[in-house]
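# fold the following and give me the result.
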Amino acid sequence: MGKDYYNVLGIAKGASEDEIKKAYRKQALRFHPDKNESVGAEDKFKEIAEAYDVLSDAKKKDIYDRFGEEGLKGSADAGGHNGPSFNYTFNGDPHAIFAEFFGGRSPFDHLFSHNVEDDMDINNPFYPFGMGGMGGFHRSFKSYPGGLHRGHEKKKDPPVVHELKVSLEEVFSGCTKKMKISRKRLNPDGCTIRSEDKILTVDIKRGWKEGTKITFPREGDETPTNIPADVVFVVKDKPHPIFRREGSDIIYPAKISLKDALCGCTVSAPTLDGRTISVTSRDVVKPGTKKRIAGEGLPLSKYPGKRGDMILDFSVKFPENLGQNTRDALEQILPM
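Purely as a prediction, here's the structure:
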C-alpha cells in the first residue's frame, strides 16, 4: 500500500488547490522542528513537504490520483495499471519548501508567542495574538495580505546598466572585454545570501555603433523575493586624440595655413590601422571645406567587410599679423 498524501495533510481526496494550501500551512506549522520537539517531528515535517510537493503540482497530482504512489514513482506497469511512464522521487528540502511558502525560513520569530495548538484556526491572521493582540502585530506580517501564503509572485528587477567604453581602434579591429561585476546570490538553502564576483565576457564586433547594447540575462542580484535583473552593457566611444566619429565615418581635422588654402597643398592624414595617406588639394580651400576619402573609415556593423569613409574637415590658420609690405602686395595680387 502506497502513501496516502491526502491523509498526511488531513484532507479528503479531490480537495481543491486552496484546501491543499491551507492544510499544508496548518500541518507544516504544527510539525516544524523549530517549534515541535517531539520524537518523529522532523520525519513528519518532511512527509508533509513531500505530500504538498505532489498535491500542489497538477501533473504529479493527476498521476497520483489515478495510479497512486506506485504509479507516481514508476511502478504503475508492474502493478498492472498500465499507467504512463513516471519516475518521481522527493529530493526536495522540506525547509526550502517551507521558506518558499511562507516567504521566509522562520515566521515564528515575528508571528508566534506560543506553540501551535490543534484547536487554533491558523487561517485567521489574528489567532496568534488573541482578539486584542494587535499590539504585537509585526510590520513584516502586514506585507503578506490575508496572512501568510504562497501566492506572492517574484518580480524581475529592472535592468542594471553599465557603460562599456571602447576606443575607435577597438571598434575598427574588434576585441574581447572581460567585465567584472559584483552581485548577491542565493545560497542552496534558498534564504541566505552570499556576495560574489563574476567575470562577464563581451565580444566587441567590428563596427559596433555607440549605443549598442549587450544583455546578460538574470546576472544581477538574487534574493528570496526577486528574479535577478538582466545586466546590460551599453557601448560608449572613448574620446580619441585625433578623430571623432560620425556613424561609420571618421572625421580628421586637417589644419592648413592661409598660403596652403590659397595656393594648394598636400595633407598627410593618419589612418586607424597605422598607415598614412596623402591627400592633395589644388583648389582654394575655404574654412569648413570637407574632402571625403572613401573606404578609410570604420567597418559597417551589418557588413563588416565594407567600411565607411574618412572625412577631412579643413580649418585655415590665419596669420596673427601682417607687415605693411605684405599688405601692399596682397592688395595688388588678390582679386576684389
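
# low-confidence stretches in the protein?
Filtered on pLDDT under 70, the chain yields the residue ranges 1, 75-86, 103-152, 336.

# and the residue nearest the centre of it?
The residue lying closest to the centre of the chain (CA atoms, centre = their mean) is Asp230, at 1.1 Å.

# correct me, but that residue touches Val160?
Yes: Asp230 is in contact with Val160 according to CB atoms under 8 Å; the separation is 7.3 Å. To be clear about C-beta, it is placed using only N, CA and C from the backbone, and glycine gets the same treatment.

# now for these two: what residues contact both?
Gly220 (CB atoms under 8 Å, 6 or more residues apart in numbering).

# now the terminal residues of stretch 293-311, how far apart.
With CA to CA, to the nearest Å as the measure, stretch 293-311 spans 6 Å from end to end.

# neighbouring contacts of it?
168, 171-172, 205-209, 212, 245-252, 269, 271-272, 277, 279, 290-292, 312.

# which of the residues you listed count as buried?
168, 171-172, 206-208, 212, 245, 248-252, 269, 271-272, 291, 312 (16 or more other CB atoms under 10 Å).

# quick check: buried residues in the host helix or strand of Ile214?
Assigned by DSSP states H and E, Ile214 belongs to strand 213-216. Buried positions in strand 213-216, judged by neighbour count with 16+ other CB under 10 Å: 214, 216.

# i'd like the first residue to be 32 from this point on
All set: I'll call the first residue 32, so the last point we hit is now strand 244-247.

# give the pairing partners of it; include direction for each.
Neighbouring strands of strand 244-247 in its sheet, by DSSP bridges, are strand 262-268 (antiparallel).

# one step back: would you mind putting the CA coordinates of the strand holding Ile245 into CSV?
In CSV, the C-alpha atoms belonging to strand 244-247 read as follows (Å, rounded to 0.1, in the frame of the first residue of the first chain):
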residue,chain,number,x,y,z
LYS,A,244,23.5,47.0,-26.0
ILE,A,245,24.8,43.6,-24.8
THR,A,246,22.5,41.9,-22.4
PHE,A,247,23.4,39.1,-19.9
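
# what is the subsequent helix or strand relative to it?
strand 257-258.

# which outside residues touch that next one?
Applying CB under 8 Å, 6+ apart, the external contacts of strand 257-258 come out as 185-188, 249.

# just the buried ones among those, please.
Taking 16+ other CB under 10 Å as the criterion, what is buried in the contacts of strand 257-258 is Asp188.

# can you list the contacts of strand 257-258 in JSON lines and add distance to Val39 and secondary structure?
Formatted as JSON lines, these follow (distance: CB to CB, whole Å; DSSP: H, G, I helix; E, B strand; the rest coil):
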{"residue": "Lys185", "distance to Val39": "28", "secondary structure": "coil"}
{"residue": "Lys186", "distance to Val39": "33", "secondary structure": "strand"}
{"residue": "Lys187", "distance to Val39": "35", "secondary structure": "strand"}
{"residue": "Asp188", "distance to Val39": "37", "secondary structure": "coil"}
{"residue": "Arg249", "distance to Val39": "35", "secondary structure": "coil"}
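
# and the two most separated of the contacts of strand 257-258?
Lys186 and Arg249 (12.9 Å; CB to CB).

# can you give me the strands for the protein?
Under the criterion DSSP state E, the chain contains strands at 186-187, 191-197, 206-217, 224-235, 244-247, 257-258, 262-268, 275-277, 280-288, 296-301, 307-312, 321-324, 341-348.

# wouldn't Tyr55 be in contact with Ser87 here?
Yes: applying CB under 8 Å, one finds Tyr55 in contact with Ser87, separated by 7.5 Å.

# domains of this structure: list them as residue ranges, please.
Here the domain assignment for the chain is 36-173, 186-268, 275-348, based on automatic domain parsing.

# present those domains as CSV; the columns should include distance to Gln363.
Listed next are the domains of the chain as CSV, based on distance: least, CB to CB, whole Å:
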stretch, distance to Gln363
domain 36-173, 92
domain 186-268, 47
domain 275-348, 15
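
# quick one, helices of the protein?
36-40, 48-62, 72-86, 89-103, 125-133, 139-142, 170-173, 199-204, 289-294, 355-364 (DSSP state H).

# ok, which of those helices comes nearest Thr223?
Thr223 sits nearest to helix 125-133 of all the helices of the chain, at 10.1 Å, using CB to CB.

# of Tyr55 and Ser87, who's got more company?
Neighbour comparison, Tyr55 and Ser87: the larger count goes to Tyr55, with 25 against 16 (by other CB atoms under 10 Å).

# nice, that's everything, thank you.
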